[in-house]
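**Student:** the amino acid sequence is not available; the structure is as follows:
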Ligand SMILES: NC(=O)C1=CN([C@@H]2O[C@H](COP(=O)(O)OP(=O)(O)OC[C@H]3O[C@@H](n4cnc5c(N)ncnc54)[C@H](OP(=O)(O)O)[C@@H]3O)[C@@H](O)[C@H]2O)C=CC1
Ligand SMILES: Cc1cn([C@H]2C[C@H](O)[C@@H](COP(=O)(O)OP(=O)(O)O[C@H]3O[C@@H](C)C(=O)[C@@H](O)[C@H]3O)O2)c(=O)[nH]c1=O
């Protein structure tokens, strides 16, 4: 099996290089190999490589920057997955793609199911929602993993930002009214490899393609998450100026940023767990593992 892997230096892409290696010949590309904003270069790459599958963790993920850079975010988050789907359909290949909790409005306290109405509140979320639709329309053999709050040892994320700020500053304030589940890049990569393995060994004719929520178990908020990260760092002997108790709990309105974030990012993973008979670990397990690697 030959796979084209995009975004190989991102959080999820980096872990996918590890998890997919035993299964397939993986042609891993980053921005220097193919700029996903260049539609014809992307088509040419897929046509030249003729992969059996395309795994696309590459995305425009700078949530605030996207507010003033919508055209580029659209090219990468909407047009690129559509092109991948179109090219894959022509050759009978499959596409794995990743999306976000930010497709939802995020009101209430319910766990969102896959079929629930989307209503993104920012440009990034809008482009990711449009990208889901574009890919599902273009390619019947596509699988989309909707996830949240990704954390990995390789690449940038909230946990790393907290480690940096808590070691440099005297005070730290973090919002406590946005709820979700930190999900490790390694978990997403391992889940992806499990599913690709099933396609490889059982064939893809009966494979249940579609859109699934995949997040770690449990729910937290950014404030509690920040405190957990700092607590683990102190346990590992890392000097921190801000202790967990010192992290101030604030509300969304106390932390003005260009892009509005959803208050409720709880995703229901029942469909994924029942369809694939796989269990998802608690978010603290994944975050602890990432922190062990970083620290
Ligand atoms: N991060 C998160 O918290 C969440 C992420 N997701 C989704 O999961 C997926 C993986 O996210 P994650 O690994 O965290 O993302 P990262 O931001 O860590 O990585 C994204 C990758 O995409 C690449 N990329 C961006 N623009 C281009 C371009 N024009 N051409 C080629 N490559 C490009 C980046 O390359 P470069 O390094 O050169 O910029 C980077 O390697 C994405 O689809 C994202 O939307 C979903 C929920 C939460
Ligand atoms: C750095 C910082 C952030 N915050 C708040 C801002 C925001 O509401 C929340 C998270 O901040 P960030 O900007 O790091 O996270 P953000 O980039 O919004 O993270 C999102 O990324 C995209 C790609 C996704 O798909 C989402 O699932 C989600 O992970 O924490 C504070 O309250 N204090 C701080 O010091």
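**Tutor:** Looks like it arrived, so ask away. From a predicted model like this one, the values you see are computed outputs, not experimental measurements. Ligands and ions are numbered 1, 2, ... in the order given.
**Student:** hey, let's count contacts and neighbours off CA atoms from now on
**Tutor:** OK.
**Student:** list the beta-bridge partners for residue 95.
**Tutor:** Here residue 95 sits in beta bridges with residue 54, residue 142, going by DSSP bridges.
**Student:** in the stretch 151-295 of the chain, what residue lies closest to ligand 2?
**Tutor:** The stretch 151-295 of the chain approaches ligand 2 most closely through residue 174 (3.2 Å), counting by C-alpha to the nearest ligand atom.
**Student:** does that residue touch residue 246 like I think?
**Tutor:** No - assessed by C-alpha atoms under 8 Å, residue 174 is found out of contact with residue 246, at 10.7 Å.
**Student:** give me the pLDDT for the residue lying farthest from the centre of the chain.
**Tutor:** Distance from the C-alpha centroid of the chain, by C-alpha atoms, centre = their mean, peaks at residue 170 (31.2 Å). With respect to pLDDT, residue 170 scores 94.
**Student:** surely it is within a strand?
**Tutor:** No - secondary structure of residue 170 (DSSP: H, G, I helix; E, B strand; the rest coil): coil, not part of a strand.
**Student:** thinking again about what came up before, more neighbours: which of residue 174 and residue 246?
**Tutor:** Shown here are residue 174 and residue 246; by other C-alpha atoms under 10 Å, residue 174 has more neighbours (21 against 14).
**Student:** quick one: secondary structure of that one?
**Tutor:** strand.
**Student:** contacts only, for it.
**Tutor:** 222-223, 226, 247-251 (C-alpha atoms under 8 Å, 6 or more residues apart in numbering).
**Student:** beta partners for it?
**Tutor:** Legend: beta-bridge partners of residue 174 under DSSP bridges are residue 249.
**Student:** on the pLDDT front, check it for me.
**Tutor:** pLDDT, read off for residue 174, is 98.
**Student:** with residue 203 instead?
**Tutor:** At residue 203, the model reports a pLDDT of 81.
**Student:** residues near it, how many?
**Tutor:** By other C-alpha under 10 Å, 11 other residues sit near residue 203.
**Student:** spit out the contact partners of it.
**Tutor:** For residue 203, no contacting residues are found, by C-alpha under 8 Å, 6+ apart.
**Student:** from residue 1, how far out is it?
**Tutor:** Distance of residue 203 to residue 1, given as C-alpha to C-alpha, to the nearest Å: 11 Å.
**Student:** for PyMOL, write a command that selects the buried ones of the contacts of residue 174.
**Tutor:** To isolate the buried ones among these in PyMOL, judged by 16 or more other C-alpha atoms under 10 Å, type:
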select buried, resi 222+223+226+247+249
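**Student:** circling back: quick check: the residue farthest from the centre of the chain vs residue 234, distance?
**Tutor:** From residue 170 across to residue 234, the span is 15 Å (C-alpha to C-alpha).
**Student:** cool, residue 152 as well?
**Tutor:** From residue 152 to residue 234 the distance is 19 Å (C-alpha to C-alpha).
**Student:** and the two? which has more neighbours close in?
**Tutor:** Neighbours per residue, other C-alpha under 10 Å: of residue 152 and residue 234, the larger number sits with residue 152, 27 against 15.
**Student:** from what I can see residue 96 touches residue 144, true?
**Tutor:** Yes - the criterion here is C-alpha under 8 Å, and residue 96 meets it with residue 144 at 5.9 Å.
**Student:** more crowded one of these two?
**Tutor:** Higher neighbour count among residue 96 and residue 144: residue 96, with 25 against 21, using other C-alpha under 10 Å.
**Student:** interface residues of the protein facing ligand 1?
**Tutor:** Contact residues, the chain versus ligand 1 (C-alpha under 6 Å from any ligand atom): 7-13, 30-31, 34-37, 57-61, 76, 98-100, 147-150, 155.
**Student:** which among those residues end up buried?
**Tutor:** 7-13, 30, 34-37, 57-60, 76, 98-100, 147-150.
**Student:** inside strands: which ones of these?
**Tutor:** Cross-referencing these against strands under DSSP state E gives 98-100, 147, 150.
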